[in-house]
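Chemist: what follows is a predicted structure for the sequence shown.
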Amino acid sequence: MTGYQHWSRRAVLKLGVAGTAIAAVPALSAPSRADIVTVTGGQVEGTATRTVGVRAWLGIPYAAPPVGPLRWRAPQPVVPWNGVRPATRFSKSPWAPPEREHSVFGAAPLDMDEDCLTINVWAPPRGKKPLPVLVWIYGGAFVSGSSNYPHYHGENLAAEGIVFVSLNYRVGVLGFFAHPELRAESPDGVSGNYGLMDQVAALRWVRDNIAAFGGDPAQVTISGQSAGAFSVAYHMVMPASRGLFHGAIAESGAPMGKPSSYILLGELEPMEKDGAAFAERLHAKHIDELRALSPAALVKAYEGSWLFYAAVDGKVVPDHPFELMRRGQHANVPLIAGFNHNEGEVFRSLGDTVAEFNATLQDIYGPHAGAARELFAVTNDAQAVAAGHAVFGDKVFNWNTAALTTVQARYATAPAYMYHFAYAHALPAETVFAEGNGSDLGAYHAAEIPYALKNLDSRPWPASVEQSQLMRQVSSYWVNFTKTGNPNAPSLPEWPRYVPDEPTVLRMNAGAFSTVDLPFRERLELLGAAMENDILRASRGAA
């Protein structure tokens, strides 16, 4: 199961040759005394990487292990250690349901443990000035994920003159479980959202410690994809995150629409009711009884559910993010946001027949369903399946990303830049998947990650000249933005500041970067009109 069991159509990778779906973790050389750094908690010893001058410090604790009585509590201060702590290996990954197959999202998480709140740093040689910092937040639909994934390694971007950071945070039932007893015992009246609070603790660690690695705590950009992009958007409106970052990159996602599990935006009271029912199902009368259960037992009981994810709780997330941004109550920092051309292809279609597709349109578009039927013009079941994937992509990723960029452009003075990743050959055409071959999936969800993070060498097949060139261009935009808050440079196609009603979206494709109008504009505007009242009803405040 991928982190998207709720959505996935199980696109299973069949390599046809001996190998795995991801590359092995790069070997690190023996450490030297120069790799010892003092951080909150004590000293850590990193190591050199394959890239000359770039060093890595892996698995550094940024909070106390959230185990025993600390399960389902806000992250607590790190436990100090004696002596020099080796930081040459990733920590264990957060507990999540096991992956069953290799897929386009990669292989299964490695060893899992509740003691997972760690951070990783890659840094180039120190210069006279502190270097800008890029912090990566992984995706996985808030039910899975790990910083120990080759697409997310920071060695190659660090070689471009930045400090790269990645982090672990709690996911699933251990990261977002909500229950009335948890709210009652919390000094802040908080229930759920522990994974988001973990991320805040990690960002505070960066503020307090990154200078020891040559990084500039006053020049931090947060970035992420899918649930990581949703996280970035949450941080833009979370009071606890304010001042901890100075730029934001959201790849495919933001919690801007109608609250639902699809867009990882919940409402606290219904979620707490689900939490009470979950406890009852496990015959637990009190939270302490749930804390006594093993993480494996909790994850197994939760597997296949979609009950707990980030929520508007009035505390950690004060109100609906769209409304907070529309009221100007968000971080006024430069933003890059965008989506891929075929976001919905690797997920469950929202219509296997014409009748099912029309019912889906009625459910999603309500009084606008007739106009939606005219737009999609589905007349047979094959068209219904294809359109069902498109509707999924619009509902979960495309509209939310466009909404995030649009409210930033309209209600902030800091610039917004929007992209459309359209490269259709991210996977080898001859590689067979359960639902077709690589070329069928096009610019699928997550296809841009190894291009943006300069990690094409993490895949089990060689990169073509075309792909390598595209990677250099896309990753250069990310590095430039991290350094200056502007992705542009003389050697790159011009990326204009996003203006909602003008063709200012940068389409990224091999050998063909161009500015275009908002992709799927008619569909997305109609979807926005259908959700407007639901967004307003979910808001706690008044405009």
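Modeler: Happy to help now that I have it.
Chemist: top strand in this structure by residue count?
Modeler: Secondary structure of the chain per DSSP state E: the longest strand is strand 215-225.
Chemist: so what does that one touch, helix or strand wise?
Modeler: With contacts defined as 3 or more CB pairs under 8 Å, 6 or more residues apart in numbering; DSSP states H and E, the secondary structure elements packing on strand 215-225 are strand 131-137, helix 194-209, helix 227-237, strand 247-251, helix 465-484. Just so you know, the C-beta spots here come from the backbone N, C-alpha and C atoms, and that holds for glycine as well.
Chemist: in CSV, list those along with mean pLDDT.
Modeler: Formatted as CSV, the entries for these read as follows, by pLDDT from 0 to 100:
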stretch, mean pLDDT
strand 131-137, 98
helix 194-209, 98
helix 227-237, 98
strand 247-251, 98
helix 465-484, 97
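Chemist: adding mean neighbour count and distance to E525, write the ones you listed out as JSON lines.
Modeler: Converted to JSON lines, the helices and strands packed on strand 215-225 look like this (neighbours: other CB atoms under 10 Å; distance: least, CB to CB, whole Å):
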{"stretch": "strand 131-137", "mean neighbour count": "27", "distance to E525": "29"}
{"stretch": "helix 194-209", "mean neighbour count": "23", "distance to E525": "30"}
{"stretch": "helix 227-237", "mean neighbour count": "28", "distance to E525": "20"}
{"stretch": "strand 247-251", "mean neighbour count": "27", "distance to E525": "20"}
{"stretch": "helix 465-484", "mean neighbour count": "19", "distance to E525": "27"}
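Chemist: adding distance to H151, write those out as TSV.
Modeler: Supplementary listing: those in TSV, determined by distance: least, CB to CB, whole Å:
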stretch	distance to H151
strand 131-137	10
helix 194-209	19
helix 227-237	12
strand 247-251	12
helix 465-484	12
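Chemist: ok, and the closest non-adjacent residue to the residue located most distally from the centre of the chain?
Modeler: Relative to the centre of the chain, and counting by CA atoms, centre = their mean, the farthest-placed residue is T379 at 35.7 Å. Spatial nearest neighbour of T379, excluding adjacent residues (CB to CB, 6 or more residues apart in numbering): V354 at 7.2 Å.
Chemist: ok, the one you found touching V378?
Modeler: Yes. In this structure V354 lies within contact range of V378 using CB atoms under 8 Å: 5.8 Å.
Chemist: what touches both of these two?
Modeler: A384 (CB atoms under 8 Å, 6 or more residues apart in numbering).
Chemist: between the two, who's got more neighbours?
Modeler: Here V354 and V378 are compared on neighbour count by other CB atoms under 10 Å; more neighbours surround V378, at 20 against 17.
Chemist: how about the contacts made by that one?
Modeler: G351, V354, F357, N358, A384, A387.
Chemist: again, only this time at 6 Å
Modeler: V354, F357, A384, A387 (CB atoms under 6 Å, 6 or more residues apart in numbering).
Chemist: secondary structure class for it?
Modeler: In three-state terms, and counting by DSSP: H, G, I helix; E, B strand; the rest coil, V378 is coil.
Chemist: spatially central residue in the chain, please.
Modeler: Taking CA atoms, centre = their mean, the centroid of the chain lies closest to G228, which sits 1.5 Å from it.
Chemist: quick one: the strands in the stretch 301-450 of the chain, in order.
Modeler: Counting by DSSP state E, counting those that start in this stretch, residue ranges of the strands within the stretch 301-450 of the chain are 311-312, 335-340, 416-421, 432-433, 436-437.
Chemist: hang on, the earlier thing: any idea how far the closest residue in space to the residue nearest to the centre of the chain that isn't next to it in sequence lies from S147?
Modeler: Sequence neighbours aside, I137 is the residue nearest to G228 in space, at 3.8 Å (criterion: CB to CB, 6+ apart). Noted for I137: a distance of 9 Å to S147, by CB to CB, to the nearest Å.
Chemist: repeat for A184
Modeler: Here the distance between A184 and S147 works out to 33 Å (CB to CB).
Chemist: among those two, which residue is more densely surrounded?
Modeler: Remark: of A184 and S147, S147 carries more neighbours, 25 against 10, as counted by other CB under 10 Å.
Chemist: that one and N168 touch, don't they?
Modeler: Yes. Applying CB atoms under 6 Å, one finds S147 in contact with N168, separated by 5.2 Å.
Chemist: against W461, how distant is Q467?
Modeler: From Q467 over to W461 the distance is 10 Å, taken as CB to CB.
Chemist: so what's the nearest residue to Q467 once chain neighbours are set aside up against?
Modeler: Spatially, and ignoring its direct neighbours in sequence, Q467 is nearest to L456 (6.0 Å; CB to CB, 6+ apart). If you count contacts by CB under 6 Å, 6+ apart, L456 has them with P450, A463, M471.
Chemist: 8 Å instead, please
Modeler: Residues touching L456, when contacts are defined by CB under 8 Å, 6+ apart, comprise P450, A463, Q467, S468, M471.
Chemist: burial check on the first one, number of neighbours?
Modeler: The number of residues packed near P450 is 23, by other CB under 10 Å.
Chemist: from memory A429 sits against L441, does it?
Modeler: No. Using CB under 8 Å, A429 and L441 do not qualify as a contacting pair, with a distance of 10.1 Å.
Chemist: thinking again about what came up before, tell me, what's touching S147 and N168 both at once?
Modeler: Between them, S147 and N168 share the contacting residues S93, T118, I119, judged by CB under 8 Å, 6+ apart.
Chemist: before we move on, the earlier item: to P65, which of the helices and strands packed on strand 215-225 lies closest?
Modeler: helix 194-209 (11.8 Å; CB to CB).
Chemist: run the angle between the closest one and strand 215-225 for me.
Modeler: Compare the direction of helix 194-209 with that of strand 215-225 by axes from the mean of the first three to the mean of the last three CA atoms, to 10 degrees and you get 160 degrees.
Chemist: got the angle between helix 194-209 and helix 227-237?
Modeler: Relative orientation of helix 194-209 and helix 227-237, computed by the same axes, to 10 degrees: 70 degrees.
Chemist: low pLDDT regions in the protein?
Modeler: Applying pLDDT under 70 to the chain picks out residues 1-34, 99-110, 432-438, 540-543.
Chemist: mind doing that once more with 50?
Modeler: Of all residues in the chain, those with pLDDT under 50 make up the ranges 1-32, 435, 542-543.
Chemist: what lies in contact with stretch 63-81?
Modeler: In this structure, residues lying in contact with stretch 63-81 by CB under 8 Å, 6+ apart are 40-42, 61-62, 114-115, 117, 170, 174, 177, 179, 182, 186, 188, 190, 194, 197-198, 201-202, 205, 287, 290-291.
Chemist: show the buried residues in these.
Modeler: Buried by 16 or more other CB atoms under 10 Å: 40-42, 61-62, 114, 117, 170, 174, 177, 179, 182, 190, 194, 197-198, 201-202, 205, 287, 290-291, out of the contacts of stretch 63-81.
Chemist: what ranges do the helices span in the stretch 301-450 of the chain?
Modeler: For the stretch 301-450 of the chain, the helices identified by DSSP state H, counting those that start in this stretch occupy 321-326, 354-365, 369-376, 381-393, 399-411, 438-441, 449-452, in order along the chain.
Chemist: now these as CSV including distance to H246?
Modeler: Below are the helices of the stretch 301-450 of the chain laid out as CSV (distance: least, CB to CB, whole Å):
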stretch, distance to H246
helix 321-326, 17
helix 354-365, 36
helix 369-376, 40
helix 381-393, 31
helix 399-411, 14
helix 438-441, 35
helix 449-452, 19
